[in-house]
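Asks: Need a 3D model of the following:
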Amino acid sequence: MSLYQRDLVLNDYHPKVFAYYFKTWEKHDMAFHTHKEVEIMYVIDGTCTVVAEKKSVAMKKGDFILLDSNIPHRLIVDQQSPCRMLNIEFSFIKKTGCFPSIKDLANQNKKFATFLSLNRPYIVLKDTNEIYHTLKNLVLELDKKESDKDIMIQLHLAQLFMQLARITAEEMKETHTHYQANVYVNKTIKYLHHNYDCDIQVKDVGQAVNLHPGYLHRIFKQQTGSTIMEYLTSLRMEKAKMLLADTEIPVTEICFYIGINSRQYFSALFKKHTNQTPLEYRRAFEQNIAKFRS
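Replies: A predicted model of the protein is given here:
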């Protein structure tokens, strides 16, 4: 049964673990296969590659993948990097006993309800040091011989599902935030390239992309490693070098073509970026061209 089958939230089901194991893989190249159970593959140590639906996912310590039922997948482990993994495979059976069903848990927890509606063939996540602890306790309970262990198994499985839902929600939030940041950073870069010859301040850029200047400044630095004004200055210097090399515009006028209204300030900036004055740069370029032609 799929993790996302609607019947799970319409009727009463319990999860049931059908297989689980710790294993250290040396060199391994598994063939594509599928199974009816949902699977969690957790990397305890080392590295590996999981190929799911023909997409390769590189995994390292603390990474895990949740594979829905009947999804073609394979495991590849390089000989130089053994990989120790914990795997569990589970599906769903009609509810027995008093423990809340999957439907009950979804009705009580919005994140879990959202999680059950994702319908992703697989999800790759980074553990926050809680998933492995829960998986290990689950496996230890499954290994016990006591006849009354079922309630503890259900508790661990419910805890696992709540943790998966929470981590997935955080991952989706971060992905959305990162995507939104990229959108605004790309808009900013486009604006700078179109308007570098104007007098620009950060507030002007914020207004142009419809974002608070302080927040824009922060995400731009996070995404590019430089501030907006540092990026603009580097862009202007590249444009200045092009104008000095490819045009006959007087050196004293170049600054006005790149949005800098002070000759002295432009000259100081240019020397800081190139270790040459604008005039030295032009003469050096002309000399190189003359040598090449001769």
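Asks: ok, residue 12 to residue 45 distance?
Replies: The gap separating residue 12 from residue 45 is 39 Å, by C-beta to C-beta, to the nearest Å. For every residue, glycine as well, the C-beta is placed using N, CA and C.
Asks: What segments of the stretch 51-200 of the chain are strands?
Replies: 55-60, 63-67, 73-77, 83-94, 122-126 (DSSP state E, counting those that start in this stretch).
Asks: can you list these in a markdown table and add distance to residue 113, mean neighbour count and mean pLDDT?
Replies: A markdown table is the format used below for the strands of the stretch 51-200 of the chain (distance: least, C-beta to C-beta, whole Å; neighbours: other C-beta atoms under 10 Å; pLDDT from 0 to 100):
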| stretch | distance to residue 113 | mean neighbour count | mean pLDDT |
| --- | --- | --- | --- |
| strand 55-60 | 26 | 14 | 94 |
| strand 63-67 | 17 | 22 | 97 |
| strand 73-77 | 26 | 19 | 95 |
| strand 83-94 | 16 | 18 | 96 |
| strand 122-126 | 16 | 17 | 94 |
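Asks: Where does pLDDT dip in the protein?
Replies: 294 (pLDDT under 70).
Asks: and the longest helix for it?
Replies: helix 150-195 (DSSP state H).
Asks: on that earlier part again, any chance of the strands of the stretch 51-200 of the chain in CSV with distance to residue 26 as columns?
Replies: Listed next are the strands of the stretch 51-200 of the chain as CSV, based on distance: least, C-beta to C-beta, whole Å:
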stretch, distance to residue 26
strand 55-60, 16
strand 63-67, 19
strand 73-77, 7
strand 83-94, 9
strand 122-126, 23
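Asks: The helix or strand hosting residue 45 packs against which elements?
Replies: Element membership of residue 45, judged by DSSP states H and E, is strand 38-52. On a contact count with 3 or more C-beta pairs under 8 Å, 6 or more residues apart in numbering; DSSP states H and E, strand 38-52 meets strand 55-60, strand 63-67, strand 73-77, strand 83-94, helix 131-143.
Asks: okay if I get those as JSON lines plus distance to residue 2?
Replies: Formatted as JSON lines, the helices and strands packed on strand 38-52 follow (distance: least, C-beta to C-beta, whole Å):
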{"stretch": "strand 55-60", "distance to residue 2": "19"}
{"stretch": "strand 63-67", "distance to residue 2": "11"}
{"stretch": "strand 73-77", "distance to residue 2": "15"}
{"stretch": "strand 83-94", "distance to residue 2": "9"}
{"stretch": "helix 131-143", "distance to residue 2": "21"}
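Asks: between those, which gets nearest to residue 105?
Replies: strand 83-94 (12.1 Å; C-beta to C-beta).
Asks: quick one: contacts of the closest one?
Replies: By C-beta atoms under 8 Å, 6 or more residues apart in numbering, the surrounding residues in contact with strand 83-94 are 1, 8, 11-25, 35-48, 69, 77, 102, 132, 135-136, 138-139, 157.
Asks: Now the buried members of the residues you listed.
Replies: 1, 8, 13-15, 17, 20, 25, 37-44, 46-48, 69, 77, 102, 132, 135, 138-139, 157 (16 or more other C-beta atoms under 10 Å).
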